[in-house]
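no sequence on this one, just coordinates:
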Ligand code: M6R
């Protein structure tokens with residue numbers, strides 16, 4: 001049921017604090033602040049992760065890669081399932097195949113999971129529908145607890161996937177001896193703050209709504225981010241094109257000079273996702289080049305970031321968050337932006353043209 005919301009997507013954006021909380025409760029003991037890995041995977045015995053997924057689930061996987069590699073020093077590859085399954089990848093025996101899927105039924109992801117199994121790899125599935133084919137067929141189920149997601153544009157399933165992957169990366173870091181128990185507790189405490197901070201970040205809704213008319217008139221919108229904000233930029237662009245039919249692209253901010261800057265002319269909206277972190281300064285200096293070419297910068301940042309925003313940039317101010325959970329906290333603003341632009345255009349938000357909720361044919 002939609003309750004007081006106009007669309008399922010809007011409700012599901014607002015459901016995210018709860019969805020994140022429920023998902024984390026499957027991975028974190030709130031009393032001891034220890035993480036655990038459902039299904040008993042021993043990350044010390046895993047040499048590599050091969051993540052396969054489609055669309056938004058793939059972007060969650062890309063965020064997961066930053067975390068598994070940084071925290072647990074676990075080499076991680078992420079690939080679109082549709083490519084992985086056909087390119088005869090060279091996988092090594094210690095690889096854990098990880099499928100990520102809201103529905104657990106996406107044809108390409110399921111085929112990639114089956115391919116991993118056929119190679120003799122152990123497999124895990126991060127899945128929201130726990131009775132689905134992937135949940136049954138993977139050796140291990142890593143559940144998300146987002147509840148039913150009705151809107152075609154994935155929102156709470158995405159943040160639930162990122163929540164689960166963040167907890168798993170902490171758990172992997174402990175198992176692989178990369179962090180001690182004190183550091184595990186510190187990181188877990190930060191992670192458990194995510195539901196509250198997601199709730200705070202939804203408060204940007206009015207600021208975002210105010211920008212919607214201008215963006216709804218745009219032909220192209222570019223998104224930039226660095227680090228884990230790069231996959232979030234890709235997700236932001238997918239969300240916008242999916243429901244508002246505006247052409248949008250996400251880029252790593254450092255790639256700007258290598259091509260995308262040619263797209264920027266007077267008035268091109270450029271949305272920069274940049275919390276204050278060790279990459280902030282670099283991203284901002286990229287943005288001065290955008291401004292010099294007349295691009296209209298909208299900076300999604302935190303309070304400190306807003307104080308250091310380039311001249312002329314408009315800001316959307318999300319809560320200040322540790323980099324560990326910044327992808328979770330910065331997801332709602334980009335989802336709300338896509339949502340309000342689509343509403344402004346009068347688009348059918350929950351049933352966008354040409355799209356199905358679950359893609360069960362390749
Ligand atoms: O059910 P799945 O998570 O496997 O679905 C994967 C994609 O089809 C899905 O994320 C799609 O990209 C969404 N419509 C994005 O909002």
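Happy to help now that I have it. None of the values given here were measured: they were computed from a predicted structure. Numbering: from 1, shown residues only.

got the residues of the protein near the ligand?
Neighbours of the ligand within the chain, by C-beta under 6 Å from any ligand atom: 54-57, 101-103, 106, 109, 152-154, 238, 242, 358-359. Just so you know, the C-beta spots here come from the backbone N, C-alpha and C atoms, and that holds for glycine as well.

repeat that with 5 Å
Within the chain, the residues that sit near the ligand (C-beta under 5 Å from any ligand atom) are 54, 55, 56, 57, 101, 102, 103, 106, 153, 154, 359.

Tell me the most packed of the residues you listed, by neighbour count.
residue 101 (33 neighbours; other C-beta atoms under 10 Å).

need the contact list for residue 166.
64, 67, 191, 194, 324, 325, 328 (C-beta atoms under 8 Å, 6 or more residues apart in numbering).

any idea which of those is closest to residue 125?
The nearest member of the contacts of residue 166 to residue 125, counting by C-beta to C-beta, is residue 64 at 13.4 Å.

Now the stretch 51-200 of the chain against the ligand: closest residue?
For the stretch 51-200 of the chain and the ligand, the shortest gap (C-beta to the nearest ligand atom) falls at residue 55, measuring 1.9 Å.

can you pull out the strands in the chain?
In the chain, strands defined by DSSP state E lie at 48-53, 76-80, 95-101, 122-127, 140-143, 220-225, 247-252, 269-273, 296-301, 314-317, listed in chain order.

Give the pairing partners of the fifth one; include direction for each.
Paired neighbours of strand 140-143 in the sheet (DSSP bridges): strand 122-127 (parallel).

Next: the second one.
Pairing partners of strand 76-80, with direction, according to DSSP bridges: strand 48-53 (parallel).

How many residues are close by residue 36?
Number of residues near residue 36 (other C-beta under 10 Å) recorded here: 15.

follow-up on the earlier one: now for the contacts of residue 166: which two are most distant?
64 and 194 (14.7 Å).

residues contacting the closest residue to residue 187 other than its chain neighbours?
Distances taken as C-beta to C-beta, 6 or more residues apart in numbering put residue 170 closest to residue 187, at 5.1 Å, once the chain neighbours are dropped. By C-beta under 8 Å, 6+ apart, the contact set of residue 170 is 35, 71, 179, 184, 187, 188, 191.

my read: the residue of the stretch 51-200 of the chain closest to the ligand touches residue 238, true?
Yes - the criterion here is C-beta atoms under 8 Å, and residue 55 meets it with residue 238 at 6.6 Å.

For the helix or strand bottoming out on mean pLDDT in the chain, which outside residues touch it?
The weakest-scoring helix or strand in the chain, judged by mean pLDDT, DSSP states H and E, is helix 280-292 (a mean of 88). The contact list for helix 280-292, computed with C-beta under 8 Å, 6+ apart, reads 224-226, 253-254, 256-257, 261, 264, 270, 272, 274, 297, 299, 301, 305, 308-313.

That concludes my questions; thank you for your assistance.
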